[in-house]
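> Fold the following for me, if possible:
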Amino acid sequence: MLKNKGIGYWMCTAAAVIALALAVVLFLFWKDMMGTSINDGYIVAIVLLVAVAVHVGFSFISVRFAAVPAVALYMTAFCLLLLRIADAVTYGLQDKGNISGGNATACITVAVFVLICALISVIACFFSQRKEEKYLI
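Next comes the predicted model:
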């Protein structure tokens, strides 16, 4: 099953592995990263896990643009992350006392890695998912 996969599939797999690692980090440390004023930081991790599940699902189905739903989910996770890290990043960049806690460096790092996942998936759309080019759609 894996020997027939093309470069696009492996690029999406790399993005999914990064997203899985980010989801684990967010589940464990979202309160420390985003501060005490955020009550639902785990939502970003759930969206990343859904993107990983979509990739796993498309591993068994041969579809030409299998990375497109993952790109949409990665960008949704990025937007949700931006909404939740605003306080931590603002206070961190101003170098003033942070009222609600949070770590600006960690927030920006996670946001950059989510964008890297989206970028890898966008690039993977232009490569073949299978070596023999036989797709259902």
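
> quick one: the helices in the protein?
Counting by DSSP state H, the segments of the chain that form helices are 7-34, 42-59, 68-94, 104-124.

> low pLDDT regions in this protein?
Residues of the chain meeting the criterion pLDDT under 70: 1-2, 95-100, 132-137.

> hmm, try it at 50
The chain contains no residues with pLDDT under 50.

> quick revisit: in CSV, list the helices of the chain along with mean neighbour count and distance to R130.
Just so you know, the C-beta spots here come from the backbone N, C-alpha and C atoms, and that holds for glycine as well. Conversion of those to CSV gives the following (neighbours: other CB atoms under 10 Å; distance: least, CB to CB, whole Å):
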stretch, mean neighbour count, distance to R130
helix 7-34, 19, 7
helix 42-59, 20, 11
helix 68-94, 19, 16
helix 104-124, 19, 13
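
> And these: which comes nearest K131?
If you check each of these against K131 by CB to CB, helix 7-34 wins as the nearest, at 9.1 Å.

> will you turn the helices of the chain into JSON lines that also has distance to K131?
Supplementary listing: those in JSON lines, determined by distance: least, CB to CB, whole Å:
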{"stretch": "helix 7-34", "distance to K131": "9"}
{"stretch": "helix 42-59", "distance to K131": "14"}
{"stretch": "helix 68-94", "distance to K131": "20"}
{"stretch": "helix 104-124", "distance to K131": "15"}
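
> Assess the claim that A15 and A124 are in contact.
Yes. Counting by CB atoms under 8 Å, a contact exists between A15 and A124, whose distance comes to 7.3 Å.

> residues bridging contact with those two, i.e. touching both?
Common neighbours of A15 and A124, counting by CB atoms under 8 Å, 6 or more residues apart in numbering, are A67.

> Give me the distance between the closest residue to P69 other than its chain neighbours and I120.
Leaving out its chain neighbours, the residue that sits closest to P69 by CB to CB, 6 or more residues apart in numbering is V54, at 5.0 Å. V54 sits at a distance of 14 Å from I120 (criterion: CB to CB, to the nearest Å).

> Fine by me, thanks again.
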